[in-house]
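Asks: Here is my input; please provide its structure:
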Amino acid sequence: MGSSGIGSFGDLKTPSNNELCLRTMKEVLLEEVSLSQYFGNHTDVPPKNHPVEVSSSTINGRIVVISSNNLEIIGYMPSRFSYLLGCMKKGHNYVGNVIFSTNVPIPKVMVNLDAN
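Replies: Numbers count the residues shown, from 1 in each chain. Okay, here's the model as predicted:
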């Protein structure tokens, strides 16, 4: 029960940058799906298992997830994933699938992403 150390946050092990870049991202709920290009064009969210990827370009500094099929923007990554910009500059890219999507009561898309 409890931790050992000298009682400072420096005692906590943080993953290296490379470890962060290679992490699998599970159950990422995308933001602003209802305003996305995909939703605007199809008046629907992509179905479960739809292939997705993280775009190599950003929109207004935000990381976007796009459809691997037609390159339409599906939604934005939450800001806690902003470290991915540095990873992508190092040559990492990310692909995955939609694991959950719904239009009711508001459009939502959840994805799993793997480093590629």
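Asks: which helices and strands sit right next to the helix or strand bottoming out on mean pLDDT in the chain?
Replies: Of the helices and strands making up the chain, the lowest-confidence element is helix 17-22, at a mean of 84, by mean pLDDT, DSSP states H and E. Judged by 3 or more Cβ pairs under 8 Å, 6 or more residues apart in numbering; DSSP states H and E, helix 17-22 is in contact with helix 84-89. From N, CA and C alone the C-beta is placed, and that goes for glycine too.
Asks: Next SSE downstream of the helix it packs on?
Replies: strand 94-102 (DSSP states H and E).
Asks: could you point out which element follows that following strand?
Replies: Assigned by DSSP H and E, the successor of strand 94-102 is strand 108-115.
Asks: so what strands line up beside that following strand?
Replies: strand 25-29 (antiparallel), strand 94-102 (antiparallel) (DSSP bridges).
Asks: Other residues contacting that strand?
Replies: 21-30, 33, 45-46, 52, 54, 65, 74-75, 87, 92-102 (Cβ atoms under 8 Å, 6 or more residues apart in numbering).
Asks: Averaged pLDDT, it. What do you get?
Replies: Throughout strand 108-115, pLDDT has a mean value of 98.
Asks: mind listing what's buried in it?
Replies: 108-113, 115 (16 or more other Cβ atoms under 10 Å).
Asks: want to throw those into a markdown table with distance to Asn69?
Replies: Formatted as a markdown table, the buried residues of strand 108-115 follow (distance: Cβ to Cβ, whole Å):
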| residue | distance to Asn69 |
| --- | --- |
| Lys108 | 20 |
| Val109 | 14 |
| Met110 | 18 |
| Val111 | 14 |
| Asn112 | 17 |
| Leu113 | 16 |
| Ala115 | 21 |
